[in-house]
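K.L.:
Need a 3D model of the sequence below.
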Amino acid sequence: MSKTVPSDSSRPGVTMRHRLEFAVVWCITRVLGALPREVARTVGAGVGAFAYAVLKRLRMVGVRNLEMAFPEWSEERREHTLRGVYRNLGYLLAEFAQMSSYTPDVARSLIRYEGLENYLAARGKGKGVLVLTGHLGAWELSSFHHSLMGFPMGMVIRRLDNPLVDEFVNRIRCLHGNKVLHKDDFARGLIAAMRHGETVGILMDTNMTPPQGVFVPFFGRMAATASGMARVALKTGAAVVPGFLLWSEDEGRYVLRFGERIELENTGDSERDAIANTANFTKVIESYIREYPDQWLWMHRRWKTRPAGEEGLY
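P.N.:
Residues are numbered from 1 along each chain as shown. Here you go, the predicted structure:
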């Protein structure tokens, strides 16, 4: 259980709403962190079921996304999948509340590696590793576990709107040597990290807007996608390795899967190569989502940004 105490809320820019939101987050984390893990996960699943029932707007976004991604599915299958997504988010909430108390031995009993040799081989090249990942499975726990096992890494994230919650969450994320690179100023830090042979994980499955985003296929539709990973990989020679922490129902535990290094297209045309590699990265993410559809964040409006002249999809 986290022993982190509430942050100083007297600094400029912190509002009463920020304080109230932080108090709720802190209390939930403390309560779930104090429970036995399986009890906490059960409570988390209940929270997820409640959110599914009451957050109609998000639920409808999830339904719309599943209709576009899997038009051949029945309505019942889409509903079942979406309920699984909310259950998985509840599990993730419980894991986040618990993970600051995990020791390496505890973590090994809850999570196993698959393909660690792929990561180690990429790291051994000495030019840095970019971990291609997304909002699939237990993404918050994945980098934490990797650092706990002796492999600290950087994480490219967006600042949370609430500065108190942002500070609280980042403190837990970074307990074992992880570092945060914020999206609003990550390019220089990312390039520097690669030149020092470090590892950085990038969640590359969210909607973007031009010029940061380029349009590439995702489940058969063009999706505005961040091209920064491709550009940095081409510039620095860093290895790109897929990495996802996925719940295995059969094993009753998580599996941290590292795929084989993704070979980059490098024709010398920087813009063409950036788009081609971004499309390839997105294809890899899609393949994992297709394998674990009930563990991806379908409630995100992934296809919100449309090419010029095309009507919105939501």
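K.L.:
Contact partners for Val131?
P.N.:
By Cβ atoms under 8 Å, 6 or more residues apart in numbering, Val131 lies in contact with Tyr119, Met153, Thr199, Val200, Gly201, Ile202, Val241, Pro242, Gly243, Phe258. C-beta coordinates here come from the backbone N, C-alpha and C atoms, glycine included.
K.L.:
The helix ranked longest in the chain packs against which elements?
P.N.:
Across the chain, the longest stretch assigned as helix under DSSP state H is helix 75-98. Contacting helix 75-98 under the criterion 3 or more Cβ pairs under 8 Å, 6 or more residues apart in numbering; DSSP states H and E are the following elements: helix 16-34, helix 37-54, helix 56-69, helix 139-148.
K.L.:
Pull out the buried positions in that helix.
P.N.:
In terms of neighbour count (16 or more other Cβ atoms under 10 Å), helix 75-98 has its buried residues at 78-79, 81-98.
K.L.:
Same question for stretch 113-126.
P.N.:
Gly115, Leu116, Asn118, Tyr119, Ala121, Ala122, Arg123.
K.L.:
between the residues you listed, which is nearest Arg37?
P.N.:
Using Cβ to Cβ, Leu116 comes nearest to Arg37 of the buried residues of stretch 113-126, at 23.7 Å.
K.L.:
so the closest residue to that closest one other than its chain neighbours bridges to which residues?
P.N.:
Among residues not flanking Leu116 along the chain, Phe258 sits closest, at 6.0 Å (Cβ to Cβ, 6 or more residues apart in numbering). On the basis of DSSP bridges, Phe258 is bridged to Gly243.
K.L.:
tell me, how many neighbours does the closest residue to His18 other than its chain neighbours end up with?
P.N.:
Using Cβ to Cβ, 6+ apart and skipping residues adjacent in sequence, the residue nearest His18 is Asn162, 5.0 Å away. A total of 19 residues lie near Asn162 under the criterion other Cβ atoms under 10 Å.
K.L.:
now the one 10 residues further on
P.N.:
Other residues lying near Ile172 total 17 when counted by other Cβ under 10 Å.
K.L.:
what do you get for Arg302?
P.N.:
Arg302 has 25 nearby residues by other Cβ under 10 Å.
K.L.:
what residues are up against His80?
P.N.:
For His80, the contacting residues are Asp294, by Cβ under 8 Å, 6+ apart.
K.L.:
Please determine how far it is located from Arg188.
P.N.:
Here His80 is placed at a distance of 45 Å from Arg188 (Cβ to Cβ, to the nearest Å).
K.L.:
Among the contacts of Val131, which lie within strands?
P.N.:
Among the contacts of Val131, the residues falling in strands (DSSP state E) are Thr199, Val200, Gly201, Ile202, Val241, Pro242, Gly243, Phe258.
K.L.:
Tell me what the fourth one is bridged to.
P.N.:
Partner residues in beta bridges with Ile202, using DSSP bridges, are Leu132, Val156.
K.L.:
Relative to Gly134, how far out is it?
P.N.:
To Gly134, Ile202 is 9 Å away according to Cβ to Cβ.
K.L.:
tell me which residues form a beta bridge with Glu114?
P.N.:
Going by DSSP bridges, Glu114 forms beta bridges with Arg257.
K.L.:
for it, what are its contacts?
P.N.:
Counted by Cβ under 8 Å, 6+ apart, Glu114 has contacts Val255, Leu256, Arg257, Phe258.
K.L.:
which regions of this protein lie under the pLDDT threshold?
P.N.:
For the chain, residues meeting the criterion pLDDT under 70 lie at 1-12, 184-185.
K.L.:
and with 50 instead?
P.N.:
Scanning the chain for pLDDT under 50 picks out 1-7, 9.
K.L.:
burial count for the residue lying closest to Gly134 once chain neighbours are set aside?
P.N.:
Nearest residue to Gly134, sequence neighbours excluded (Cβ to Cβ, 6+ apart): Asp205, at 3.3 Å. Using other Cβ under 10 Å, Asp205 has 25 neighbouring residues.
K.L.:
Which secondary structure state is assigned to Asp205?
P.N.:
At Asp205, secondary structure determined by DSSP: H, G, I helix; E, B strand; the rest coil is coil.
K.L.:
Phi, psi for it please.
P.N.:
Dihedral angles of Asp205 (phi, psi; degrees, to the nearest 10) stand at phi -130, psi 30.
K.L.:
for it, what are its contacts?
P.N.:
Asp205 makes contact with Gly134, His135, Leu136, Thr282, Ile285, Ile289, Trp296, Leu297, His300, Arg302, according to Cβ under 8 Å, 6+ apart.
K.L.:
now those residues in TSV, with secondary structure and distance to Ser147?
P.N.:
Shown next, in TSV, are the contacts of Asp205 (DSSP: H, G, I helix; E, B strand; the rest coil; distance: Cβ to Cβ, whole Å):
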residue	secondary structure	distance to Ser147
Gly134	coil	19
His135	coil	19
Leu136	strand	19
Thr282	helix	26
Ile285	helix	22
Ile289	helix	25
Trp296	strand	24
Leu297	coil	23
His300	coil	26
Arg302	coil	28
